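>>> I'd like to go over a predicted model; first the sequence, then the structure.
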Number of protein chains: 4
Amino acid sequence: MVGDSPDSLVRSSDPLHPANLIPELCRSFYHLGWVTGTGGGICIREGDKVFIAPSGVQKERIEPGHIFVLPYPQPTPSPHTDRLFLRRPQLNLKESACTPLFWNSFELRDAGSCIHTHSQHAVMATLLWKGPAFTISHQEMIKGVRVGGTGAALSYLDTLIVPIIENTPFEEDLRDSMAEAMVKYPDAPGVLVRRHGVYVWGKDWEKAKTQTECLDYLFEIGVKMQLAGLPTVLNPIENTNE
Amino acid sequence: MVGDSPDSLVRSSDPLHPANLIPELCRSFYHLGWVTGTGGGICIREGDKVFIAPSGVQKERIEPGHIFVLPYPQPTPSPHTDRLFLRRPQLNLKESACTPLFWNSFELRDAGSCIHTHSQHAVMATLLWKGPAFTISHQEMIKGVRVGGTGAALSYLDTLIVPIIENTPFEEDLRDSMAEAMVKYPDAPGVLVRRHGVYVWGKDWEKAKTQTECLDYLFEIGVKMQLAGLPTVLNPIENTNE
Amino acid sequence: MVGDSPDSLVRSSDPLHPANLIPELCRSFYHLGWVTGTGGGICIREGDKVFIAPSGVQKERIEPGHIFVLPYPQPTPSPHTDRLFLRRPQLNLKESACTPLFWNSFELRDAGSCIHTHSQHAVMATLLWKGPAFTISHQEMIKGVRVGGTGAALSYLDTLIVPIIENTPFEEDLRDSMAEAMVKYPDAPGVLVRRHGVYVWGKDWEKAKTQTECLDYLFEIGVKMQLAGLPTVLNPIENTNE
Amino acid sequence: MVGDSPDSLVRSSDPLHPANLIPELCRSFYHLGWVTGTGGGICIREGDKVFIAPSGVQKERIEPGHIFVLPYPQPTPSPHTDRLFLRRPQLNLKESACTPLFWNSFELRDAGSCIHTHSQHAVMATLLWKGPAFTISHQEMIKGVRVGGTGAALSYLDTLIVPIIENTPFEEDLRDSMAEAMVKYPDAPGVLVRRHGVYVWGKDWEKAKTQTECLDYLFEIGVKMQLAGLPTVLNPIENTNE
C-alpha cells in the first residue's frame, strides 16, 4: 500500500510523530490513573492514516513499533470485520478494542484524535448521575471544552451536558449506542460509558487531550460537589453566590 | 525597542532566566493539577520587563520561544487594548488572558510574579465558603504567607483572610473586581475567584510559588475540615485543644 | 549449583531480566503508595528460578545486587526452614518475609509472578467488607482480571470475589490460611489480608502487575461507592441504570 | 575548625553523602506533599557532625552548597543561641528553625536522623484526635515502626501511641514541650504537633525515612477510618473481624 516498508510509518525522529506521541501520551495518562490495568488508550488520525495502540498491553510501556496504522476511511462500511491495515506490529498484538468507537469520532465529528479513559472520576460521575447525562454549570473549566468536541469553545454561561450510555460486555458493541448518543447530543464533547469510562475527541491530539483534562476535572469536581451536597447546575439567572 | 533581536529576550542558558523558568514551573504546576486543560499560568516581572506565557496552550509543553515579553509599565493606563510588546512568539499565539489580572498585582502590590491556578482545592473553598472571603486560623502553614502577598510573614496567631470575587464569562473582566478586592483587603495575599481558581503574587517567583503552595495547602485542609465538621477559625484566646 | 558465579544470576544488560525488573517495578509501586515503609514487594519465577527482593529495605532503592535467587521447587515440602538459595546478596539482607506466601501462588496456581501491596485501598476494602470476601460487579475493570489469576479473563457480567483472610503477627503464618482461601475460592485472582494488604499473582510479571492494577482500582472504587452509599453488587438481571 | 576548607564538608561524589542525600530526600518529600511552601525538612547526624537544610527555602530546590554543618554535641547546653558551625553556606541563609527540635531526637533518643513534615494526614490526625495522643492498633504498618523510634520493631499486637503537643507561634518554642512528651512517652516513635505536623526520628536516615512513611500511612488510614466511623483501636482480645 505504501512505497516504503510499512515499518517506516512508525519510525520518525520527530517526537510529535503519532508513533512517538502515542507511547508518550499513554505513559502520561497512566500516571494520571486513566489507563491502568491495560485499559483505555488514544488514537491519532492524520489525513488518511489512523495510528492506534495495541489492545491488552501495559499502556505505560508501549513503543513506536507496537503501533498499528490503518487507512482512513476503511473501504467497508464497518471496521468491525475485515479491517485493512497499512502496518501491523510483528509481535502477536491486536489493535485496540476501541477502534470502532474511535471511528465514531472520525465519522460523526471529523475528529483528528480520540481518547478513552477509565478514570475513576468519570466512572463515579456515571454512578452518581443515574440518568442519561452528566450535567454541570458555572465552572471556569467549561470554557476549555468545545461544542461537539470539534467546534467553538463553550462559554462560562453554558451548561455542559455529557451523555451516559450503558456498558456492554464487549467494547465494540458500544459502537451503535455511542453513535446514537452523538447524534442525539450533537453538542456533547464526549460520551460517558456507565461503570466504564469516557470517550473524548478533538480536532487534533492537543485538543483531544486538553478537552479530556477539562472533562476529567469537571467529573472530579462534580462528584465532590454531589457528595458535599452542593448543586452542580445553577439556574442561569441565579446569583452564583447564594 | 531593544538593540538586539527581540528573540534574545527569551534565549538564555541560565535555568533561572524567566523564559526558562516559566516552562519549568508550568510543567510542575501541571503535575500538581493546577493548570490542566490549558488553564492557569504564571508571569514573572524583572524590572521593566514582564514575561508571560501564551493563552490556551498545554501548560506542561511551553517552550522558551513561546514566551511573550511586555514592557512595564505599559504606556496606556490599561493593558486591555493596544498592548505593547518587546517580543512576541512567531507562532500564532495570544498572550495569557490573565494579563490584566497579573497587572493588578504589579500596580497594587509591586509584585514581581503572579500565579493563577485552577486548583480544585481553591474552587472547592469558594463553594463551601459562600460569603465574600475564605478564612482559616491556627494552622502552621499560615506562617508561610505574607501580609498583602509582598509584606512581612504572617504569624501563627493571625487569621488568614482571602477575598472571593464572583467569576465572569471573560477573564479580563475580572480586572476591576479583583482590584477592588485588593483595595478592600489590603492584607490579603491573593484573590479567589468563585468556581474558577485563585490569583497569588509575591515579590519574586520563589515567593509567589511558595505562597501559592501554602494557600493551596490551606484551601485543601480547610475544605477537609469543613467536610469533617471541624471549625476552621478559632477564637484567638481559645485553647486550640478543645 | 550453577557453573558461573552466583552473582551472574542477577547481572544482565536486559532491562526485562528479573533482577533489573524487580528494582524498577518496586520503584514504580512505591510511587503508587503500594510499598512504602519497606512493606510489600514482588517476586518473579522463571522456570526453575525464583527472584525475590530483600525484606525490610526501602523498596524504591533496591538494586539488582540485592536480589535473592532460589531454586524452584524447593527440595523440602516447606520453604519455611532450610530454604535453599542459588544466590544471596553479600550485604546483610534477609529474603522477603512474603516468600512462603509467594510460594502458594506457584504451587496452587502455577503463577510466574506474585505481588504484595499494602495499598490503602486494599486495607480500607477489608475494613468496609467485614465478611470473608470483597465483592463487586458491573465494572469494566473486572475484564482485566483472570479466573484464578492465571486462567481466562473474567467477563463484565461476572461478579469479582476476593477472599479476605485475618492478619497474623508474623507474615509467614499467613501461609496456611492463604492456601486455604485459595482452595476454597479457586476462581479468586488474589487474596486480601485484613488490616494488611493484598496478594495478587499472574502467569508472568506483566499479568501479575496489570491484575494488581485492576484489583487496586476495584478496591478503590468499591470503597468510594460504599462510602457514598452506592451498592457494589447488582443483580445480574438488574438494569444497571436504576 | 577542620583542616580542609569547610566547604569540603558538603562536597562529595557519593550520592549517599548527607550533603547529597538531604537535597534528594527533600525533593522526594516535596512530591509527597510533606514539605511544600518551604515547610518541613530533614537533618542527618554522622558521629560528631550534623547536616541541616536551610530555613525558609523551597525544599525541592536545595543544593549541597546550601547545607549547614554543626558540631555535635554543641558546647553550650542549648543550641538556641551562640550556635557553633563547622560550615555555613555563603548565601544569606539561616539554618532550619527545627534545629532545637532535631536536637531533642539526638539527645533523648541518640537518633541519627530526624524528619519534620507538614503532611496533611498528620495535621488531620491532630484535629480528629483531640486528646494528647494519636492511637491506632491492628494495622500491619505498625510493624514498620520502632519502639521509641530507635529500639526494636513494634509487633502487630502493639497499639501505636504518638503524643500530640500544642503548636506555638515560634518553632523553637516547641523544644521543651516536645522533650517533655518524649520523656512522658518513651516508646513513642515521633511527636505530632497539633495544627502543624510531625517529628519522626531513627537510628539513621533510612530508618527515619521508612518510619516517617509508616507513620504517615497510619495517620492517613486512621483519618479515613475515623471519617468512615470505623474504630481505630481494637481490644487486643477482640476478633478483628467483628
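Cool, got the structure.
>>> Can you report phi and psi for the residue nearest in space to the middle of chain A?
The residue lying closest to the centre of chain A (Cα atoms, centre = their mean) is A:I115, at 2.6 Å. Backbone torsions of A:I115, given as degrees, to the nearest 10, read phi -120, psi 140.
>>> is it true that it touches A:T210?
No - A:I115 is beyond contact range of A:T210, at 10.4 Å (criterion: Cβ atoms under 8 Å). From N, CA and C alone the C-beta is placed, and that goes for glycine too.
>>> all strands in chain A, in order from the N-terminus.
A:41-46, A:49-52, A:68-71, A:113-117, A:133-136, A:160-165, A:190-193, A:197-202 (DSSP state E).
>>> got the CA coordinates for the fifth one in PDB?
By that I understand strand A:133-136. Taking Å, rounded to 0.1, in the frame of the first residue of the first chain, the C-alpha atoms of strand A:133-136 are listed here in PDB:
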ATOM      1  CA  ALA A 133     -26.400  12.500  31.100                       C
ATOM      2  CA  PHE A 134     -23.800  14.200  33.300                       C
ATOM      3  CA  THR A 135     -24.600  17.900  33.700                       C
ATOM      4  CA  ILE A 136     -22.600  20.800  35.300                       C
END
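>>> which of the residues in the longest helix seen in chain A are buried?
The longest helix of chain A (DSSP state H) is helix A:205-227. Buried residues in helix A:205-227, counted by 16 or more other Cβ atoms under 10 Å in any protein chain shown: A:205-226.
>>> what's the burial count for A:P189?
Per other Cβ atoms under 10 Å in any protein chain shown, the neighbour tally for A:P189 reads 28.
>>> what's the answer for A:G131, then?
9.
>>> Likewise for A:P163?
20.
>>> Tell me, what's the model's pLDDT at it?
Listed pLDDT for A:P163 reads 98.
>>> got a list of what the spatially closest residue to it that is not a sequence neighbour touches?
Among residues not flanking A:P163 along the chain, A:A181 sits closest, at 4.1 Å (Cβ to Cβ, 6 or more residues apart in numbering or on different chains). Contact analysis of A:A181 by Cβ atoms under 8 Å, 6 or more residues apart in numbering or on different chains lists A:P163, A:I165, A:A188, A:V191.
>>> Spatially, which two of those residues are the most separated?
A:I165 and A:A188 (11.1 Å; Cβ to Cβ).
>>> The residue nearest to the centre of chain A and A:A181, how far apart?
Applying Cβ to Cβ, to the nearest Å, the value for A:I115 to A:A181 is 17 Å.
>>> Just give me the closest of the contacts of A:A181 to chain C.
The shortest approach to chain C among the contacts of A:A181 belongs to A:I165, at 9.5 Å (Cβ to the nearest Cβ).
>>> So for A:F170, what's the pLDDT?
Residue-level pLDDT assigned to A:F170 equals 89.
>>> Look up how far C:K207 lies from it.
Distance, A:F170 to C:K207, by Cβ to Cβ: 21 Å.
>>> One more: A:F134?
33 Å.
>>> Just give me the neighbour total for A:Q120.
Other residues lying near A:Q120 total 21 when counted by other Cβ under 10 Å.
>>> any low-confidence regions in chain A?
Along chain A, segments meeting pLDDT under 70 span A:1-3, A:76-81, A:236-242.
>>> ok, 90 please
When residues are selected by pLDDT under 90, those of chain A lie in A:1-4, A:56, A:74-83, A:90-92, A:170-172, A:235-242.
>>> Quickly check: stretch A:49-61 near chain B or not.
No - on the criterion Cβ under 8 Å from any Cβ of the partner chain, stretch A:49-61 is out of touch with chain B, staying 15.5 Å away.
>>> Give me the buried positions along that stretch.
Under 16+ other Cβ under 10 Å, the buried positions of stretch A:49-61 are A:K49, A:V50, A:F51, A:I52, A:A53, A:P54, A:S55, A:G56, A:V57, A:Q58, A:K59.
>>> One more: stretch A:168-187?
Judged by neighbour count (16+ other Cβ under 10 Å), stretch A:168-187 contains these buried residues: A:T168, A:E171, A:L174, A:R175, A:S177, A:M178, A:A179, A:A181, A:M182, A:Y185.
>>> Give me the spatial nearest neighbour of the first one, chain neighbours excluded.
In other words, A:T168. Using Cβ to Cβ, 6+ apart, the closest residue to A:T168 is A:L174 (5.6 Å).
>>> so A:V183 touches A:L108, yeah?
Yes - A:V183 is in contact with A:L108 according to Cβ under 8 Å; the separation is 7.2 Å.
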